[in-house]
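Enquirer: Return atomic coordinates for the entry below.
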Amino acid sequence: MAHDFAFRITTTRFDEDYSPSDTSRITTNFANLARGDNRRQNLRNALTMIDQRFNDLASGDNPNGDRYTLELDIVSVALQFDDDSEDREFPLLEVLDVQIVDRRSGERHHGIIGNNFSSYLRDYDFSVLLPAVNAGTTELIVPEDFGDLHGKLFQRFLDSPAYQERFPTAPVICISVSTTKTYRRTDLQHPVLGVEYSQDAFSLTDEYFAKMGLQVRYFMPPGAVAPLAFYFRGELLSDYSDLQLAGTISTMETFQKIYRPEIYSANSAAGRVYRPSLEHQDYSRTPIAYDRVERSQLAITQGKYAEEHFVKPHKHALEQWAALSPVS
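Expert: Sure thing, here's the model as predicted:
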């Protein structure tokens, strides 16, 4: 191929000493916790919440609720272009890798790769491109090819030697359910994922992840108050162990309690019919502060960065490659 590219993977331990790198998206969950005077306490509190939730979910033969601890690594993926341009490497995405440590036996279990999902190009799509297309309109207009490039790049990464040689399983991304949709409880119940919910129509985020080759299911884990959205490639219920699923739930539910407490720290659990809302007032805050307005503003800034350093300088090469790459 005239214009080819490769992927470079680096990892950073996410612990109480974590500091964001210069190439890390500053709107990512990790970076938000690691800022300000209380950064170390924020990180320590979040990690404690994750461990406590994991031990709650993995309660079998765990009488004191402290048998396990999780070790988290931020996996940063850079896209390297085969050219001599100034922007020949671009920070494409970040996900989270989980290791489960059994304190009693010393055994280590590889958790699930994915969990959180952070992407400059997604910032561009949602915070720059989509608002530009909808300027002056009253109804949402979504271009037919919206998310195509992002989806193809993500699938190319999963099929690449860089991913295949390092990670034994397909990723699972776990995020909040949409505040624009209504969810209904089903009769299906899983011992760790909990009760499944369904919805009548996909959200724009669901459709965006579908272009990444990921299907979605919604589950409210035991002890939770709202369902989570799980995006996966393969079979969610059979491809992963209960411990692996507990690792993803405990990690991402903790982030959602911090970032969307109106939904995930509500004082009453979702009923049979559930419509999430950030206007809900009956909830409990975590001791970790978070500024959603600032994050939205930063998403625009970072979307423009992606436009300047990725979309525009590599437009021709990306269009050529995308035209030759089938959509899954």
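Enquirer: what's Lys304 in contact with, if anything?
Expert: 124, 128 (CB atoms under 8 Å, 6 or more residues apart in numbering). Glycine gets a C-beta too; all of them are placed from N, C-alpha and C.
Enquirer: tell me the average confidence for the helix or strand hosting it?
Expert: Per DSSP states H and E: Lys304 is located in helix 292-306. Averaged across helix 292-306, pLDDT comes to 81.
Enquirer: next structured bit after that helix?
Expert: Toward the C-terminus, helix 292-306 is succeeded by helix 315-324 as the next helix or strand (DSSP H and E).
Enquirer: Buried residues, that next one. List them.
Expert: Neighbour-count burial for helix 315-324, counted by 16 or more other CB atoms under 10 Å, picks out 317-318, 321.
Enquirer: elements contacting that helix?
Expert: helix 148-158 (3 or more CB pairs under 8 Å, 6 or more residues apart in numbering; DSSP states H and E).
Enquirer: following the helix it packs on, which helix or strand shows up next?
Expert: helix 161-164.
Enquirer: contacting residues around that following helix?
Expert: Outside helix 161-164, the residues touching it (CB under 8 Å, 6+ apart) are 6-9, 77, 157.
Enquirer: can you map out the helices along the chain?
Expert: Along the chain, counting by DSSP state H, helices occupy 29-33, 39-57, 120-124, 130-133, 148-158, 161-164, 204-210, 242-259, 261-264, 292-306, 315-324.
Enquirer: closest to Phe219 out of these?
Expert: helix 242-259 (8.5 Å; CB to CB).
Enquirer: between that closest one and helix 292-306, how many degrees?
Expert: 110 degrees (axes from the mean of the first three to the mean of the last three CA atoms, to 10 degrees).
Enquirer: Could I get the buried residue list for helix 242-259?
Expert: Quick answer for helix 242-259 (16+ other CB under 10 Å): 243-259.
Enquirer: again with stretch 208-220
Expert: Going by neighbour count (16+ other CB under 10 Å), the buried part of stretch 208-220 is 208-214, 216-220.
Enquirer: Which members of those are the farthest-apart pair?
Expert: Maximum pairwise distance among these (CB to CB): 26.2 Å, between Lys211 and Met220.
Enquirer: re earlier: any chance of the helices of the chain in CSV, plus distance to Leu228?
Expert: Formatted as CSV, the helices of the chain follow (distance: least, CB to CB, whole Å):
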stretch, distance to Leu228
helix 29-33, 14
helix 39-57, 12
helix 120-124, 19
helix 130-133, 24
helix 148-158, 20
helix 161-164, 24
helix 204-210, 13
helix 242-259, 7
helix 261-264, 8
helix 292-306, 18
helix 315-324, 31
